[in-house]
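In: Give me coordinates for this.
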Amino acid sequence: MPRQFFVGGNFKMNGTAESITSIINNLNKAKLDESSEVVISPPSLYLLTAREAASDKIGVASQNVFDKPNGAFTGEISVEQLKDAKINWTIIGHSERRVILKESDEFIARKVKAAIEGDISVIFCIGETLEEREANKTIDVVTRQLNAVAKELSKEQWSKVVIAYEPVWAIGTGKVATTEQAQEVHAAIRKWLSEAISADAAENTRIIYGGSVSEKNCRELAKEADVDGFLVGGASLKPAFVDIINARL
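Out: The predicted structure follows:
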């Protein structure tokens, strides 16, 4: 079975109830590639709004989750609360949280474990900075980030993970990894899955690309053997998001 194409829309800290509902209504009405899985991720304040507005063909993800089930953790959101709100996905490990909020590989790995054990699927983000790429450390960095999660999950639990490779230097900058650069790293991630987890995980885990994905570059990227979809930032707020979802049509 080929891996199902996956397109996530990370709205980040953007939107209002009105604008997010408008985006979702546009997706509901659009003719989307029926073979693709689509998941949108609004700010937490609008998760309920999004889940109510979105059709059944569109999944909804939180942009974060905490690694503890409940307690005195001001501003955080738990796995149980997401499940109660019928939110079945979460984004974990985005570079903006790694860099700005100083989240460590180990903390991120614990969050991934908490989510999956609570039956929430995870879009797990990894990627290197420009300095790390220029120092030829890309594979070392993504392997380190993957290894942290591998310590927390069973081989079977990887079926609940979508890996999002997002080179930090390409996020929101307009710079995009070339199709060759993206494929090279995705192939290395799949090789790591085969060696560190299992042949089954390597065959079935979806590895998606993020980093200034647009309607202009998505079709070429989608042709690569190990690019199984996209995690889209700014473009997910625009009508062109439909074109990205339909990159393989």
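In: starting at the chain centroid, how far to the helix or strand bottoming out on mean pLDDT in the chain?
Out: Least confident helix or strand of the chain, by mean pLDDT, DSSP states H and E, is helix 130-134 with a mean of 92. Averaging C-alpha positions (CA atoms, centre = their mean, to the nearest Å) puts helix 130-134 22 Å from its chain's average.
In: could you point out which element follows that helix?
Out: helix 138-150 (DSSP states H and E).
In: so how far is that following helix off the chain centroid?
Out: For helix 138-150 - counting by CA atoms, centre = their mean - the centre lies 16 Å from the chain centre.
In: what's the angle between the following helix or strand past that helix and helix 138-150?
Out: Moving toward the C-terminus from helix 138-150, the next helix or strand (DSSP H and E) is strand 161-165. Between strand 161-165 and helix 138-150, the angle comes out at 160 degrees (axes from the mean of the first three to the mean of the last three CA atoms, to 10 degrees).
In: Can you mark which positions in strand 161-165 are buried?
Out: Residues of strand 161-165 classed as buried by neighbour count (16 or more other CB atoms under 10 Å): Val161, Val162, Ile163, Ala164, Tyr165. Every residue, glycine included, has its C-beta placed from N, CA and C.
In: Tell me which other helices or strands the helix or strand that it is followed by touches.
Out: Remark: after strand 161-165, the chain's next helix or strand is helix 179-192, criterion DSSP H and E. Helices and strands touching helix 179-192, by 3 or more CB pairs under 8 Å, 6 or more residues apart in numbering; DSSP states H and E, are helix 138-150, strand 161-165, strand 206-210, helix 218-222.
In: looking at the chain, which residue ends up farthest from its center?
Out: Ala72 (27.7 Å; CA atoms, centre = their mean).
In: before we move on, back to that, just put the helices and strands packed on helix 179-192 in JSON lines and tack on mean pLDDT.
Out: As requested, these are exported to JSON lines (pLDDT from 0 to 100):
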{"stretch": "helix 138-150", "mean pLDDT": "98"}
{"stretch": "strand 161-165", "mean pLDDT": "98"}
{"stretch": "strand 206-210", "mean pLDDT": "97"}
{"stretch": "helix 218-222", "mean pLDDT": "97"}
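In: hmm, back to that, show me which of the buried residues of strand 161-165 is closest to Arg248.
Out: Val162 (16.6 Å; CB to CB).
In: residues touching that closest one, list them.
Out: Phe6, Gly8, Ser121, Val122, Ile123, Phe124, Thr205, Arg206, Ile207, Ile208, Gly229 (CB atoms under 8 Å, 6 or more residues apart in numbering).
In: Name the nearest of those relative to Lys113.
Out: Val122 (9.4 Å).
In: so that closest one, which of the three states?
Out: Under DSSP: H, G, I helix; E, B strand; the rest coil, Val122 falls in the strand class.
In: Equivalent analysis for Leu32, please.
Out: Per three-state DSSP, Leu32 ends up coil.
In: burial of it, as a residue count?
Out: 19 (other CB atoms under 10 Å).
In: Apart from its neighbours in sequence, what residue is nearest it?
Out: Ile245 (5.2 Å; CB to CB, 6 or more residues apart in numbering).
In: and the one you found, how far is that from Gly9?
Out: 9 Å (CB to CB, to the nearest Å).
In: Any chance you could list residues touching both of those two?
Out: In contact with both Ile245 and Gly9: Val38, using CB under 8 Å, 6+ apart.
In: what about the protein, any weak spots by pLDDT?
Out: Applying pLDDT under 70 to the chain flags no residue at all.
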